[in-house]
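Novice: 3D, please:
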Amino acid sequence: MMPHVAHDSRTYRRRSALAAALLALLAIGAGPDRPQAVWAVKDREARQPQVTIAADGRVYLAFGSGNEIRVASSDDGARSFSDPVPVGTLGMLALGMRRGPRIAAGQGAVVVSAIGGAGGGPYGGLSAGDLWSWRSTDGGTTWSEPIRLNQIESSAREGLHAMAGGPQGQIACVWIDLRNNRAHIRGVLSTDGGATWGPEILIHQSPEGPICPCCHPSVAFGPDGSLYVMWRDAISGARDMYLCRSLDGGKTFEPSQKLGLGTWPLEVCPMDGGAIAAGPERQVTTVWMRDGRLYSADPGQPERLLGPGVQGWASWGPSGPFLTWLDRRPGRLLELRPGDTEPIELFRSANDPSVASSINGQGPVVAAWEAGPGGSGIFVARLDEPGDHDAE
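Specialist: Numbers count the residues shown, from 1 in each chain. Next up, the predicted model:
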């Protein structure tokens, strides 16, 4: 159960009035087709929210505030959240442009990862940076000491990584590695819910030089344990998305394949990496941006234009893949549900959205995002049960 927090009645009324006013200004009201936003974290410094859903249905929300990593949780299906709990602090916590903490659940544990270092680099990267993980076995109340995941010191200084939980409690973490000043994808795996981690794995190195260095990688497990990794490469002057798959739990990976039929000649990094939704029977859908337009593509199939947009995210829910994106950064937050042909608007001004569901595709599908511009905290919404509850 979430801890009870006592509030002065006047403070409670003021907060409730402020929440109602903000939602009236920014959110689309609940209705038969539109989920209602919940103001989950009332911290103007809260950034880069990420969500995971444990096997028992509990929802965990990770984010950064200053140099501190924090986690809030919900035991009522993301209708309300506990006060955030501090996980750890890193010097120069990497935040912004999809940098920030990641969270996954497995084997009764919750695992958080984040990158921190020293000095500001280009686009929010670091002059030095390492990838760390923390673990909780009591529902996010207390957290372990951090474990460094990259073996070569400061090789994760670009500040971009991804993490996912698997059906047997596996945890996979991948990042853009800059050892030898050549951006490529490395990863580590845990088979015990983040208590220990295996050795580094070289997942992909571009044949011509560095991959696109400022677009975050993505990782997802399928319900059968298959593992998928996606990144933006830089080959022959084009910045296209590529996907690879492992069928042996991440020990080996099949050759990578380009996603979609089109290509994007571009000399600079667009800073937008997309996401993977992995479903049953090895079904996979990806969402990503090309030249200011958002596309969805299954491996080996032509891409499908969703519309103008950036910062796509995807997760496989009970009825298929749920997709979210912004029409601009910051901008309107849009959602496309399984079987729909047109998106609906979730929020009028948002940034850095993400969406998550449980690994077995059952239970809630939850989106989280920053309010923008200027920020007023983090909002969440249930995407699988639209219009069935009110924000508090």
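
Novice: what's the least confident helix or strand in this protein, going by average pLDDT?
Specialist: Every helix and strand of the chain was ranked by mean pLDDT, DSSP states H and E. The lowest is helix 9-26, at a mean of 44.

Novice: Note down every partner strand of the next helix-or-strand element following it and its orientation.
Specialist: Toward the C-terminus, helix 9-26 is succeeded by strand 38-41 as the next helix or strand (DSSP states H and E). Next to strand 38-41 in the sheet, as set by DSSP bridges, lie strand 378-382 (antiparallel).

Novice: residues in contact with the strand it pairs with?
Specialist: Strand 378-382 has contacts (Cβ atoms under 8 Å, 6 or more residues apart in numbering) with 27, 35-41, 43, 46, 49, 51, 59, 61, 63, 77-79, 81, 346-347, 350, 364-371, 388-389. For glycine as for every other residue, the C-beta is placed from the backbone atoms N, C-alpha and C.

Novice: residues in contact with Glu385?
Specialist: Contacts of Glu385 by Cβ under 8 Å, 6+ apart are 35, 77, 364.

Novice: got it, and Ala367?
Specialist: Ala367 touches 35, 51, 313, 322, 324, 333, 335, 346, 353-355, 380-381, 383, counting by Cβ under 8 Å, 6+ apart.

Novice: do Ala238 as well
Specialist: Applying Cβ under 8 Å, 6+ apart, the residues near Ala238 are 263-266.

Novice: how about a cut-off of 6 Å?
Specialist: 263-265 (Cβ atoms under 6 Å, 6 or more residues apart in numbering).

Novice: hang on, the earlier thing: turn the contacts of Ala367 into JSON lines, columns for neighbour count and pLDDT.
Specialist: Converted to JSON lines, the contacts of Ala367 look like this (neighbours: other Cβ atoms under 10 Å; pLDDT from 0 to 100):
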{"residue": "Pro35", "neighbour count": "28", "pLDDT": "87"}
{"residue": "Val51", "neighbour count": "25", "pLDDT": "98"}
{"residue": "Trp313", "neighbour count": "26", "pLDDT": "98"}
{"residue": "Phe322", "neighbour count": "26", "pLDDT": "97"}
{"residue": "Thr324", "neighbour count": "29", "pLDDT": "98"}
{"residue": "Leu333", "neighbour count": "32", "pLDDT": "97"}
{"residue": "Glu335", "neighbour count": "23", "pLDDT": "97"}
{"residue": "Leu346", "neighbour count": "24", "pLDDT": "95"}
{"residue": "Pro353", "neighbour count": "24", "pLDDT": "97"}
{"residue": "Ser354", "neighbour count": "26", "pLDDT": "97"}
{"residue": "Val355", "neighbour count": "26", "pLDDT": "97"}
{"residue": "Val380", "neighbour count": "28", "pLDDT": "97"}
{"residue": "Ala381", "neighbour count": "30", "pLDDT": "97"}
{"residue": "Leu383", "neighbour count": "25", "pLDDT": "95"}
